[in-house]
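Q: any chance you could fold what I've pasted below:
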Amino acid sequence: MTTTRPRVALDGHYSMTEAAAILAVDRKTVYRWRQLGYLKTKISRFTKQPYVEGREIVKVFDVFDWQKTAQPTSRSEERFSRNAET
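A: Have a look, this model is predicted:
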């Protein structure tokens, strides 16, 4: 994962592969984040393929605590972790 904030056009459209390259993660990670709701995508009217807006790439970068654990910092993840332990 990259440790520097991505420099993307906030209104730009990026494929899932491009988003993965920008964030320096595997493409499967981007698809997993999409499925978990961390990364919102839209579907292209022309290609019918998912794409990510630049603002979402920056948003997902800001959600994660890259310096410590590279894990989501949302309350839902904390609840999930507590439920798994019991």
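Q: what is the least confident helix or strand in this structure?
A: One helix or strand of the chain scores below all others by mean pLDDT, DSSP states H and E: helix 75-85, with a mean of 49.
Q: who's Ser15 bridged to?
A: For Ser15, the beta-bridge partners are Tyr51 (DSSP bridges).
Q: who touches whichever helix or strand Ala21 is part of?
A: According to DSSP states H and E, Ala21 maps onto helix 16-23. In this structure, residues lying in contact with helix 16-23 by Cβ atoms under 8 Å, 6 or more residues apart in numbering are 1-2, 6, 8, 14, 26-27, 29-31, 34, 39, 41, 50-52, 57, 60-61. In short, each C-beta sits where N, CA and C put it, glycine included.
Q: show me which of the residues you listed are buried.
A: 8, 14, 30-31, 34, 39, 41, 50-52, 57, 60-61 (16 or more other Cβ atoms under 10 Å).
Q: switch those residues over to CSV; also include distance to Ala20 and pLDDT.
A: Supplementary listing: the buried ones among the contacts of helix 16-23 in CSV, determined by distance: Cβ to Cβ, whole Å; pLDDT from 0 to 100:
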residue, distance to Ala20, pLDDT
Val8, 13, 92
Tyr14, 9, 95
Val30, 5, 93
Tyr31, 9, 93
Arg34, 11, 92
Leu39, 10, 90
Thr41, 12, 93
Pro50, 12, 94
Tyr51, 13, 94
Val52, 10, 95
Ile57, 10, 92
Val60, 11, 88
Phe61, 13, 87
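Q: from Glu53, how far off is Arg7?
A: 15 Å (Cβ to Cβ, to the nearest Å).
Q: and these two? which has more neighbours close in?
A: The neighbour comparison of Arg7 against Glu53 (other Cβ atoms under 10 Å) goes to Glu53, with 19 against 8.
Q: how many other residues sit next to Lys48?
A: Neighbourhood size, Lys48 [other Cβ under 10 Å]: 7.
Q: same deal with Val58?
A: With other Cβ under 10 Å as criterion, Val58 counts 17.
Q: what helix or strand does it sit in?
A: Applying DSSP H and E, one finds Val58 within helix 54-63.
Q: next, the angle from that helix to helix 16-23.
A: 50 degrees (axes from the mean of the first three to the mean of the last three Cα atoms, to 10 degrees).
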